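Undergrad: fold the following.
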Amino acid sequence: MTTTLPSPTGTTTPEEAAEGTRGAWLVVMKREIVVRALNKTFLVGLLVSVVIIAALAAFMAWQGSKTDSFTVAVPAGDTAATAAVESAASIPEAQGGGAELTTLEVPDDAAARTALAAGDADAWLHPAAGSADDGWVLTGEADPDSTLTRLLTAGVAEQTLATNAEAAGTTTAELTAGGTLTTDRLDGDAVDSQTLFFASFALALLFFLGALGSGQMIAGSVVEEKQSRLVEIMATAVPLRHLLAGKILGSSVVALAQNVVFAAVGLVALSFTPTASILPSLSTSLLWFVLFFAVGFLGLAALYAVAGALASRTEDLQHTTTPMTMAVMGVYFLTFSASGTFETVLSYVPVASVVSMPVRVLSGDAAWWEPIVSLLILAAFAVVALLVSERAYRGALLQTGGRIGWRSALTARA
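TA: I've put the predicted structure just below:
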């Protein structure tokens with residue numbers, strides 16, 4: 001074991017000072033992680049967010065698995081009406097949907113109206129003007145359910161076609177031969193637009209929660225240490241750039257871990273929903289999101305740390321962090337609603353690319369090299385933000401007496 005002896009004069013040499021502070025950033029980083037991990041507000045917020053994500057997924061699973069049941073009143077002995085309901089009932093089963101239709105035979109119109117009023121039937125299917133040749137009418141206590149109306153419209157059309165085909169001495173199959181329609185898409189296994197919108201909203205929300213919550217925590221930590229004059233004591237033992245590096249890395253680790261937890265809970269929850277088929281594509285997109293967030297948040301964390309250093313009191317934070325908050329909110333609102341060329345452009349713009357590029361990867365719109373180029377651009381932004389923020393942080397941290405501007409911070413001697 002090697003022991004460093006003090007200099008004969010009793011003072012610390014530059015070499016000894018450098019050796020003592022070389023790992024200061026690591027100590028600060030560990031402190032930031034521990035303090036954040038033990039913060040009750042953070043832990044409660046994390047738990048609430050996880051519960052909300054799980055609850056939303058549970059609601060989606062319930063919505064996807066629930067079956068709507070309808071009772072349709074039909075005239076007693078009317079085989080055409082009964083056949084129309086049976087045809088309508090077979091449509092959800094063929095399409096993988098969830099709806100069940102049953103018939104309730106009624107002797108006359110008065111009995112049908114009574115069944116509707118009593119809630120024994122959801123709708124009453126009967127011939128118009130007393131004859132099926134004039135078409136059919138679907139009557140409800142109020143407007144009939146839209147799903148039921150859609151199914152019975154198709155069921156009536158199918159039954160009518162079968163009746164007319166039989167009268168013409170042919171069959172429905174012969175009349176509809178060659179009339180089937182299938183769908184195809186040029187982009188292969190890309191997800192549908194509704195799922196893509198949901199995924200983009202979820203990624204934008206993850207970015208918003210992680211960037212805003214952790215960023216505000218960094219700024220608050222800096223201004224608290226500055227307002228209590230604790231930073232002046234710390235500055236005598238730890239170089240300010242080490243203090244900044246430790247705060248940035250510690251907060252980045254916590255923010256990234258938080259998003260990983262959210263993403264993992266979301267993926268597990270989605271596995272129980274009808275969208276489980278897109279999990280492989282979504283997992284790849286989430287991996288890109290985590291990588292982009294890890295790089296982009298380094299720059300954001302540095303800027304938030306400067307926002308805290310520019311303030312002299314906690315009350316000043318609202319003013320100094322406003323530009324960052326507006327930028328984060330702008331990314332949130334723009335990215336989940338973007339599409340087409342605008343989304344392509346955003347996928348190369350720091351920090352919007354944290355959300356937009358993973359969404360394009362999920363949609364299959366991005367070539368293999370595009371995420372790499374976008375990530376390099378984001379990394380360049382993070383480096384520039386770190387360099388500028390380090391200079392402003394050192395220039396503003398030890399200044400007191402009111403809010404400090406960026407120009408003053410960058411030109412101050414540190």
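Undergrad: can you show me the strands along the chain?
TA: Using DSSP state E, the strands of the chain run over 68-75, 99-106, 123-127, 136-139.
Undergrad: give me whichever of those strands is most buried.
TA: Mean neighbours per residue, mean count of other Cβ atoms under 10 Å, is largest over those for strand 123-127, with a mean of 22. Where C-beta positions appear, they are placed from N, C-alpha and C, glycine not excepted.
Undergrad: just to revisit the earlier point, out of the strands of the chain, the one nearest residue 352 is which?
TA: Of all the strands of the chain, it is strand 68-75 that lies closest to residue 352, at 40.7 Å by Cβ to Cβ.
Undergrad: packing partners for the closest one?
TA: helix 79-95, strand 99-106, helix 109-118, strand 123-127, helix 146-167 (3 or more Cβ pairs under 8 Å, 6 or more residues apart in numbering; DSSP states H and E).
Undergrad: which other residues reach the fourth one?
TA: Think strand 123-127. 70, 72-75, 78, 80-81, 84-85, 106, 109, 112-113, 115-116, 133-140, 144-145, 148, 152, 156 (Cβ atoms under 8 Å, 6 or more residues apart in numbering).
Undergrad: any idea of the angle that strand forms with strand 99-106?
TA: 60 degrees (axes from the mean of the first three to the mean of the last three Cα atoms, to 10 degrees).
Undergrad: the last one now?
TA: Taking the same axes, to 10 degrees, helix 146-167 and strand 99-106 form an angle of 70 degrees between their directions.
Undergrad: who does helix 146-167 touch, helix- and strand-wise?
TA: Using 3+ Cβ pairs under 8 Å, 6+ apart, helix 146-167 is in contact with strand 68-75, helix 79-95, strand 99-106, strand 123-127, strand 136-139, helix 172-175.
Undergrad: list the contacts of the nearest residue to residue 392 once chain neighbours are set aside.
TA: Spatial nearest neighbour of residue 392, chain neighbours left out: residue 409 (4.1 Å); criterion: Cβ to Cβ, 6 or more residues apart in numbering. Each residue near residue 409 by Cβ under 8 Å, 6+ apart is listed here: 306, 309, 310, 391, 392, 393, 395, 396, 399.
Undergrad: closest one to residue 33 out of those, please.
TA: The closest of these, once distances to residue 33 are taken by Cβ to Cβ, is residue 393, at 19.7 Å.
Undergrad: what's the spacing between the closest one and residue 204?
TA: Using Cβ to Cβ, to the nearest Å, residue 393 is found at 29 Å from residue 204.
Undergrad: the more surrounded of these two?
TA: residue 393 (27 against 23; other Cβ atoms under 10 Å).
Undergrad: I'd say that one and residue 306 touch.
TA: Yes: judged on Cβ atoms under 8 Å, residue 393 makes contact with residue 306 at a distance of 5.2 Å.
Undergrad: would you mind giving the strands of the chain as TSV with mean pLDDT and distance to residue 59 added?
TA: Formatted as TSV, the strands of the chain follow (pLDDT from 0 to 100; distance: least, Cβ to Cβ, whole Å):
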stretch	mean pLDDT	distance to residue 59
strand 68-75	87	16
strand 99-106	86	19
strand 123-127	88	28
strand 136-139	88	30
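Undergrad: can you give me the mean pLDDT across the longest helix that the chain contains?
TA: Counting by DSSP state H, the longest helix found in the chain is helix 193-227. Here helix 193-227 scores 86 as its mean pLDDT.
Undergrad: buried ones in it?
TA: 195-196, 198-223, 225-227 (16 or more other Cβ atoms under 10 Å).
Undergrad: next: stretch 144-153.
TA: Buried, per 16+ other Cβ under 10 Å, within stretch 144-153: 144, 145, 148, 151, 152.
Undergrad: now, which of these sits nearest residue 335?
TA: Out of the buried residues of stretch 144-153, the member with the shortest distance to residue 335 (by Cβ to Cβ) is residue 145, at 36.6 Å.
Undergrad: how close does the closest one sit to residue 82?
TA: In terms of Cβ to Cβ, residue 145 sits 20 Å off from residue 82.
Undergrad: now do residue 108
TA: 16 Å.
Undergrad: the more surrounded of these two?
TA: Neighbour tally, residue 108 and residue 82, criterion other Cβ under 10 Å: the higher count belongs to residue 82, 18 against 10.
Undergrad: show the contacting residues for that one.
TA: Residue 82 neighbours (Cβ under 8 Å, 6+ apart): 74, 103, 105.
Undergrad: may I see those residues organised as a markdown table, with distance to residue 164 added?
TA: Formatted as a markdown table, these follow (distance: Cβ to Cβ, whole Å):
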| residue | distance to residue 164 |
| --- | --- |
| 74 | 20 |
| 103 | 22 |
| 105 | 24 |
